[in-house]
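**Student:** return a 3D structure for these sequence lines:
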Amino acid sequence: MLNRLIPIVRSFKDRYPKLYGGLVSIAKKFLGNRLGVYPRVMGNELKAVEDVLKSSQWNMAYGKGLAHERLEADFAEYIGVPHAIAVGSGGMALQMSMRALGLKPGDEVIHQIDTCSATAMAVLNAGATPIFADVSNGTFMLDQSSIIENSGKATKALIATHMWGNPENMKMLRDQATASGWKLIEDACLSLGTVAQGRKAGTWGDTSVFSFGCIKPIQGGEGGMILTSNEGLARELRAMRHWGDRTIEFGVRDVEQLAWNGRMSEIVAAVVREQLKGYPKHLELLREAVLDFKSYIEKFQGLELMLGAGQAPDQSSYAQAVLKIDLTHSQVSKKVLWDNLSGNGITLWHANFELINSLSFFRKGTWKEWILKGDLERIEKNYGFHFPNAQQVYDHGGIGLAKMNFLSAENLKHLKSTLEKIY
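**Tutor:** A predicted model of the protein is given here:
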């Protein structure tokens, strides 16, 4: 049915854009589950927000038993880490983690070249220097040899990203960080519920960070969370989110560390807590749909579901489902696959982001205005590297299928039937 409707819908959108927008809003409201719409209500979000609005506590700065405190307790329990610190965004969580872990100007932080550019921006905004490493063709995650090749005496930390909800090889990265004396920050912003080498994402790093913004597993419009097993570090992070003021956490009106306003709104906290309540069932159904799809595509030569460093489909959380295109066996190129899927209304993206050093900020040298200390010649060499594996994934080797393709039976059926026509 969708095959027949999509050309009609596109024509209607072009001719009557305002009316189309209104109809889409109505359809999302009343037919959201059937259309695979996401984000979606997964708990009692409306009542939780109403409770906050009827209270006198809309900000986390004062009071006890507030929404963010209840969210922190629930989130820490779900991940299995003692301390959770609610903050304004996942990017803020990264910045605060680096500052609290003691990174200073001139210190370098390694992360993969094809994650979201927000990671590099967070490193720079924390005062440190991002250094890029290539990925493995086998996992689309960090390549250990590239980490070693691009590290140096100024390397102080490593950011490990569970891309699109697939697990990183955290055991390898934990061992590498420990052996090198580096701090390990686990970026689990897209990976709530992901399992990496037998442990939940968020349990491997000195800190781990989560996000509740756009396309994240659970959403509050914005918001983030930092997790740590270190009680002293948790207290410092709680002070840091209040411009560094130590009154609440330490009972002393003083500031010891350069900091930010990293607070989360109580309204956001209330929404995210309700999202978390419904998430386990949501994730279970999502994994079932992707497992069904994985079995289905086994008949298409040269096309497979990527699981990162994971071994089973139930270890990923699928912010999007990543497909690997094996060009030695596939008779369908990425461009042909992309054009046909998108042309039939399938929501998709690349299997990775554009390489960060291809962005104008890095390519044109604007970064030099913001690196405060360090070996600029070495940094410039890294920013000018060609990272062949990540580039191959972006150009030819992978496609990401949006989560909504798996959130309704009709959407999944349409995805399958479209692939049948291509192959």
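**Student:** name the residues of stretch 89-106 that come out as buried.
**Tutor:** 89-101, 103 (16 or more other C-beta atoms under 10 Å). Every C-beta, even on glycine, is put in place using the N, C-alpha and C of the backbone.
**Student:** now the strands for the protein?
**Tutor:** With strands called from DSSP state E, the chain shows them at 83-87, 108-112, 129-133, 155-161, 183-187, 195-196, 199-200, 207-211, 224-228, 303-305, 320-325, 348-350, 398-402.
**Student:** redo the buried residues of stretch 89-106 as JSON lines? Include distance to residue 265 and pLDDT.
**Tutor:** Supplementary listing: the buried residues of stretch 89-106 in JSON lines, determined by distance: C-beta to C-beta, whole Å; pLDDT from 0 to 100:
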{"residue": "89", "distance to residue 265": "11", "pLDDT": "97"}
{"residue": "90", "distance to residue 265": "15", "pLDDT": "97"}
{"residue": "91", "distance to residue 265": "16", "pLDDT": "97"}
{"residue": "92", "distance to residue 265": "13", "pLDDT": "98"}
{"residue": "93", "distance to residue 265": "15", "pLDDT": "98"}
{"residue": "94", "distance to residue 265": "19", "pLDDT": "98"}
{"residue": "95", "distance to residue 265": "18", "pLDDT": "98"}
{"residue": "96", "distance to residue 265": "17", "pLDDT": "98"}
{"residue": "97", "distance to residue 265": "21", "pLDDT": "98"}
{"residue": "98", "distance to residue 265": "23", "pLDDT": "98"}
{"residue": "99", "distance to residue 265": "22", "pLDDT": "97"}
{"residue": "100", "distance to residue 265": "22", "pLDDT": "97"}
{"residue": "101", "distance to residue 265": "26", "pLDDT": "98"}
{"residue": "103", "distance to residue 265": "27", "pLDDT": "97"}
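**Student:** quick one on the thing from earlier: nearest to residue 69, out of the strands of the chain?
**Tutor:** Minimum separation from residue 69 across the strands of the chain (C-beta to C-beta) falls at strand 83-87, 8.3 Å.
**Student:** quick one, that closest one and strand 224-228 angle?
**Tutor:** Strand 83-87 runs at 160 degrees relative to strand 224-228, counting by axes from the mean of the first three to the mean of the last three C-alpha atoms, to 10 degrees.
**Student:** may I have strand 83-87 as CSV, with CA atoms only?
**Tutor:** The C-alpha coordinates for strand 83-87 follow below in CSV (Å, rounded to 0.1, in the frame of the first residue of the first chain):
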residue,chain,number,x,y,z
HIS,A,83,26.3,7.6,40.6
ALA,A,84,24.3,9.5,37.9
ILE,A,85,24.5,13.2,37.3
ALA,A,86,21.8,14.9,35.3
VAL,A,87,23.0,17.7,33.0
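**Student:** helices or strands next to it in the packing?
**Tutor:** Using 3 or more C-beta pairs under 8 Å, 6 or more residues apart in numbering; DSSP states H and E, the elements in contact with strand 83-87 are helix 67-79, helix 90-100, strand 224-228, helix 231-240.
**Student:** relative to helix 231-240, how tilted is that strand?
**Tutor:** Orientation of strand 83-87 against helix 231-240 (the same axes, to 10 degrees) gives an angle of 20 degrees.
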